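Novice: Let's see this in three dimensions:
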Amino acid sequence: MTSLVRNITVDCADAYAVAAFWGAVLDRPVVEDEDPSPGAVELLISTGSGPGLLFLTVPEPKSVKNRLHLDLQPQDRSRDEEVERLLALGATLVGDHRNPDGTGWATMADVEGNEFCVERSAAERAATKGS
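Specialist: Here you go, the predicted structure:
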């Protein structure tokens, strides 16, 4: 292997607030050797086996749609239940692409407007196989 994706980095106005949001979304703590206090400029959340999520405080505001985004697949609940949970954590619904037959996804934004999608769970995909 020539390279490995170690982290996915997100530029933020407030790394602490965005890391706290994503920590709650993924039920993962900030890595112990990072400073998880308000005002921290660099915070890392380990996702377990995949790349970490690194949040960096930068002076420039977000100005356009993300060119890269995360797609979330609920592990222990339905897509719609996950959308409701994320709304309660402070996310906003940006685009609703859910279909009456259960297919589709929801486009959401985190507490700083970074877009991400919520897909169907594996169980929902299996139930609508071929859709």
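Novice: doesn't residue 115 make contact with residue 66?
Specialist: Yes - using CB atoms under 8 Å, residue 66 is in contact with residue 115, at 4.9 Å. Quick note: C-beta positions are derived from backbone N, CA and C, even for glycine.
Novice: quick one, which of those two is more surrounded?
Specialist: Between residue 66 and residue 115, counting by other CB atoms under 10 Å, residue 115 is the more crowded of the two (17 against 13).
Novice: For residue 62, see how far away the more buried one is.
Specialist: With distances taken as CB to CB, to the nearest Å, residue 115 is found 10 Å from residue 62.
Novice: could you pull out the strands for the protein?
Specialist: 7-12, 42-45, 52-57, 70-72, 92-98, 104-109, 115-118 (DSSP state E).
Novice: what would those strands look like in CSV with distance to residue 124 and mean pLDDT?
Specialist: Below are the strands of the chain laid out as CSV (distance: least, CB to CB, whole Å; pLDDT from 0 to 100):
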stretch, distance to residue 124, mean pLDDT
strand 7-12, 25, 93
strand 42-45, 26, 92
strand 52-57, 25, 93
strand 70-72, 13, 96
strand 92-98, 11, 97
strand 104-109, 10, 97
strand 115-118, 11, 96
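Novice: Relative to residue 79, which of the ones you listed is closest?
Specialist: Of all those, strand 115-118 sits nearest to residue 79, with 5.6 Å by CB to CB.
Novice: how about that closest one: buried residues?
Specialist: By 16 or more other CB atoms under 10 Å, the buried positions in strand 115-118 come out as 115, 116, 117, 118.
Novice: contacting residues around the last one?
Specialist: By CB atoms under 8 Å, 6 or more residues apart in numbering, the contact set of residue 118 is 71, 72, 74, 79, 82, 83, 86, 105, 106, 108.
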